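Enquirer: got a sequence here, can you build the structure:
(chains A and B)
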Amino acid sequence: MATMPVRKMFEYDFMRTAFMAGGVVAIVAGAVGYFLVLRNLAFAGHALSHVGFAGATGSVLLGIGALWGLLAFTLAAAVAMGVLGDRLRNRDVAVGVILSLALGFGVLFLYLYTASATEATAILFGNLLAVSRDTLWGLLAMAAIGLLGLALIARPLLFATLSPELAEAKGVPLRLVSVLFLAIVAVAVAEAAQVVGVLLVFALMVGPAAAAQRLATRLYWGVALSVILALAETWGGIALAYATDWPTTFWIVLLSCLVYFLSLMKSLSIWHRDHNGSESTSTHPISQKQGAS
Amino acid sequence: MDAVAARRARPRAGALDGQAIDFDRVTIARGGRTVLGDISLAIRPGEFVAILGPNGAGKTTLLQAVLGLLQPIAGDIRIFGTKPRRASRAAGYLPQQRMAVAELPLRGWDFVASALNGERWGLPLIGGNGRRQVDQALETVAAGALAARSLCELSGGELQRLLLAQALLGRPKLLLLDEPLISLDPHFQQAVVALVKEIQQSCGMTVLFTAHDLNPLLGAVDRVLYLGNGKAALGVVDEVITGDVLSALYRMPIEVLRVNGRILVVAGHGPVETEAHRHDAYGQDAHGHDARPQNV
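Expert: Model prediction:
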């Protein structure tokens, strides 16, 4: 029976840790990712992770854990992005230049560190199976802070995302909400980088969220589905890696893409229905009424 | 202040209860440029006022000043007797439509509900009372059927009704609508105007409605506020849309021609804009407002 290898899989301590770490990260990435996609900031998440690469390699050079350098750099970049705000919009070139600079420094730090390439590969592509118990506690603490922060700002964040002008008129501090959210994104990116690496954070933070938005039209179902998909893709990826001995990251990214493309098919069918003309059915009942005077 | 007491005030009580909106020699600048200069005007509670004027005349600026988003550099603004401030619950606001939302697969109900107490921190949980408020707002704009559909499936007119529902949450006594007719077919323009008129009359709301073209609004408006060159002219249609008033406003000769029930506004060099005023749709204002071309 298939239960035997599954039980054997959980006998290994590193596998149990990997499942726990992956689960914690997937919950944060799924929840934060939903709002990231809703705000049309998918690229910002990607950019943050690249800036984080310099932080991760730099802290390895200094002998501190890569997670903390990564977190420090993503947080700093997130706050800068949030403060610059609109001035950064449509500045793809400027953002791109900063990104390549960050990656360049990452390469320099790696060169100076002169140790094995394993560390570099782990930062770039993740190494979930090597997560230590200590790192797991760090991930848990960051997850708690990230989710708590998201719960605190979720309401004005949603309002500011969907109706920015109205939200401003109603007294929502748009800039503050934006900075706080990007700081939460930075925490989530630092977490996701532990699982899939800085280069593939997109797969965990954007893939499940984008698919969930296409599959569920209610806010809460969407967030829940995003978390469930992220969890399923991460755990599925770990199990497939165990069965095949191929990298966990490969399987997670593959599952993420598969789910996303499946969700695209569903929304394509909606598009077709939409173009069969819903306009005619929406005639307003009182449209014929003239103003009484 | 006493927002509740003011909300209970009789909608068409007139001068006894004071003005809904009172501008006293107000000057507003934006980016160093004076957009509105030394403007005075008063709008009574329960009035439906169309704000007209060319691009950049200050229509949106005026609404933002009423909302407290812009501070005048001179003069005094009073909204129901108090200074305008952000986060006021007295005003419902429909900003110029942003099409970014129109591509989201989120359903209409959740979109409208996001504006309910959206300024409070915490999770966007909506209790039974909140649910009723959202349902009621959707019912008021006859958008109950749109609630279950995704925003990306809706037409421009349907989306406009959801935005109106958002503006109506919390039952404001003042409704500020910024170009709600833009990019709508004439058929849907009429529907939106009729809907706003219906809400204004049944809820006794004061409505400020900016537009490029007066034509779709003719049967509904009580008065017209025409902006141009930093100045304003307020009055009933026949008194404001005249050669004398518009010439003074633009400081150039402008003629208003009436041909076969249509009104054509012509400047020295040619037509400024064409306004097909159908006079069968226009009822003379019942309150006998005097035209007050101001500061011209």
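
Enquirer: for stretch A:101-121, the averaged confidence score.
Expert: Confidence over stretch A:101-121, taken as the mean pLDDT, stands at 81.

Enquirer: that stretch: which residues count as buried?
Expert: Within stretch A:101-121, the residues that qualify as buried are A:102-103, A:105-106, A:109-110, A:113, A:119-120, counting by 16 or more other C-beta atoms under 10 Å in any protein chain shown. Just so you know, the C-beta spots here come from the backbone N, C-alpha and C atoms, and that holds for glycine as well.

Enquirer: going by distance to B:Leu162, which of those residues wins?
Expert: A:Ala102 (41.3 Å; C-beta to C-beta).

Enquirer: helix/strand/coil for A:Ala154?
Expert: Of the three states, A:Ala154 takes helix according to DSSP: H, G, I helix; E, B strand; the rest coil.

Enquirer: kindly report the same for A:Ile64.
Expert: Classification of A:Ile64 by three-state DSSP places it in coil.

Enquirer: what is the most widely separated pair among the buried residues of stretch A:101-121?
Expert: Within the buried residues of stretch A:101-121, A:Ala102 and A:Glu119 form the most distant pair, 17.4 Å apart (C-beta to C-beta).

Enquirer: show me the helices in chain B, by range?
Expert: Using DSSP state H, the helices of chain B run over B:3-8, B:59-67, B:108-113, B:128-140, B:156-168, B:186-203, B:237-240, B:243-250.

Enquirer: between the ones you listed, which gets nearest to A:Leu75?
Expert: Distance to A:Leu75, taken as C-beta to C-beta, is lowest for helix B:108-113 among these, at 30.6 Å.

Enquirer: how about that closest one: buried residues?
Expert: Going by neighbour count (16+ other C-beta under 10 Å), the buried part of helix B:108-113 is B:108-113.

Enquirer: and which of these is nearest to chain A?
Expert: Nearest to chain A, judged by C-beta to the nearest C-beta, of the buried residues of helix B:108-113 is B:Asp110 at 4.6 Å.

Enquirer: the residue lying closest to the closest one once chain neighbours are set aside: what's it in contact with?
Expert: Nearest-residue entry for B:Asp110: A:Leu219, 4.6 Å, with adjacent residues in sequence omitted and distances by C-beta to C-beta, 6 or more residues apart in numbering or on different chains. A:Leu219 makes contacts with A:158, B:106, B:110, B:114, B:124, as judged by C-beta atoms under 8 Å, 6 or more residues apart in numbering or on different chains.

Enquirer: and if you look at A:Thr244?
Expert: Residues in contact with A:Thr244 (C-beta under 8 Å, 6+ apart) are A:Trp251.

Enquirer: now A:Gly146
Expert: A:28, A:32, A:184, A:187-188, A:191.

Enquirer: now do the residue most central in space within chain A against A:Ser256, distance only.
Expert: Note on chain A: the residue nearest the mean C-alpha position is A:Met205, at 2.1 Å, using C-alpha atoms, centre = their mean. According to C-beta to C-beta, to the nearest Å, A:Met205 and A:Ser256 sit 10 Å apart.

Enquirer: neighbours of B:Gly53, how many?
Expert: Other residues within reach of B:Gly53, judged by other C-beta atoms under 10 Å in any protein chain shown, total 21.

Enquirer: for it, give me the pLDDT.
Expert: Among the per-residue scores, B:Gly53 shows a pLDDT of 87.

Enquirer: please name the nearest non-neighbouring residue to it.
Expert: If the residues on either side of it in the chain are set aside, B:Gly53 comes closest to B:Leu227, at 3.6 Å by C-beta to C-beta, 6+ apart.

Enquirer: isn't A:Arg218 up against B:Asp110?
Expert: Yes: at 5.9 Å, A:Arg218 counts as touching B:Asp110 under the criterion of C-beta atoms under 8 Å.
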